[in-house]
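> 3D, please:
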Amino acid sequence: DLLAEVSRAANYLTELGLVAGDRVAIYMPMIPEAVVAILACARLGLTHSVVFAGFSPTALRQRIDDAAARLVITTDGQWRRGTPAPLKTAVDDALSAPGHTVEHVLVVQRTDIETPWTEDRDLWWHDTVAHASPEHEARPFPAEHPLFILYTSGTTGKPKGILHTSGGYLTQTAYTHHTVFDHKPGKDIYWCTADIGWVTGHSYIVYGPLANRAT
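Purely as a prediction, here's the structure:
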């Protein structure tokens, strides 16, 4: 199921004209589509930059500008204590000043709240990705190909982007996930309650567990 969803997303990102080496900002709450978006980028050699969904429009814009992201993937809103809170509006605020590199904003319908829309820029996930082909052949990339950029929180000044490459990062997360958590494929059920906005979430929600065939 995950492979089919990631393949659909990868096919649609290709349709948008994104090519290996381009950067994509992912500004989403903890929903399956966030993981799908990350893996679709990895599959195409797009460098993803996941921005914690609690960050402000200013913080998002800083990270978009630094990475020169061509695409932002977000949601209409997110649930906070059972109440829907808007998120797409923060993206709109972040992109309100000119000079950014974003061409499209891809939006997952999460809370079904009223959402402001910019024609020719904004795209619904369910109108686009959901209709793409579930067949996709992954691209091979050198070990040193950039996998993602993750920024420091910015509490001590301008956020600093840390670039992680594909081969070394995957080796490290697969090894540490296996060793630290003593994970046994086919026997253990594994759970991590981190957020993908932080490196713990990248490493031990997405890449490490999947590399080790975790349930």
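> Tell me how many other residues crowd the nearest residue to Asp92 once chain neighbours are set aside.
Spatially, and ignoring its direct neighbours in sequence, Asp92 is nearest to Pro116 (5.8 Å; CB to CB, 6 or more residues apart in numbering). (C-beta placed from N, C-alpha, C; glycine too.) The number of residues packed near Pro116 is 11, by other CB atoms under 10 Å.
> and if you look at Ser133?
11.
> and it, which of the three is it?
coil (DSSP: H, G, I helix; E, B strand; the rest coil).
> which non-adjacent residue is nearest it?
Asn11 is the one closest to Ser133 (CB to CB, 6+ apart), at 5.2 Å.
> Tell me which helix or strand the one you found sits in.
Secondary structure from DSSP states H and E places Asn11 in helix 2-15.
> repeat for Leu170
helix 166-180.
> Next, the buried residues of that helix.
166, 169-170, 173-174, 177-178 (16 or more other CB atoms under 10 Å).
> For burial, what's the neighbour tally of Arg139?
Neighbours of Arg139 using other CB under 10 Å come to 12.
> That one should be in a strand, yeah?
No - assigned with three-state DSSP, Arg139 falls outside any strand and is coil.
> Distance of it relative to Ile205?
23 Å (CB to CB, to the nearest Å).
> can you give me the helices in the chain?
Using DSSP state H, the helices of the chain run over 2-15, 32-44, 57-67, 88-94, 166-180, 199-201, 208-211.
> tell me the mean pLDDT for the second one?
Yep, that's helix 32-44 we're talking about. Mean pLDDT, helix 32-44: 98.
> any idea of the angle it forms with helix 2-15?
Interaxial angle of helix 32-44 relative to helix 2-15 (axes from the mean of the first three to the mean of the last three CA atoms, to 10 degrees): 60 degrees.
> Helix 32-44 packs against which elements?
helix 2-15, strand 23-27, strand 47-50, strand 71-75, strand 146-151 (3 or more CB pairs under 8 Å, 6 or more residues apart in numbering; DSSP states H and E).
> residue contacts, the residue of the chain most remote from its centre?
Distance to the chain centre peaks in the chain at Lys187, reaching 28.9 Å (criterion: CA atoms, centre = their mean). Lys187 makes contact with no residue, according to CB atoms under 8 Å, 6 or more residues apart in numbering.
> What is the burial count for the nearest residue to Leu16 once chain neighbours are set aside?
Excluding the flanking residues, the one nearest Leu16 by CB to CB, 6+ apart is His104, at 6.0 Å. Other residues lying near His104 total 20 when counted by other CB under 10 Å.
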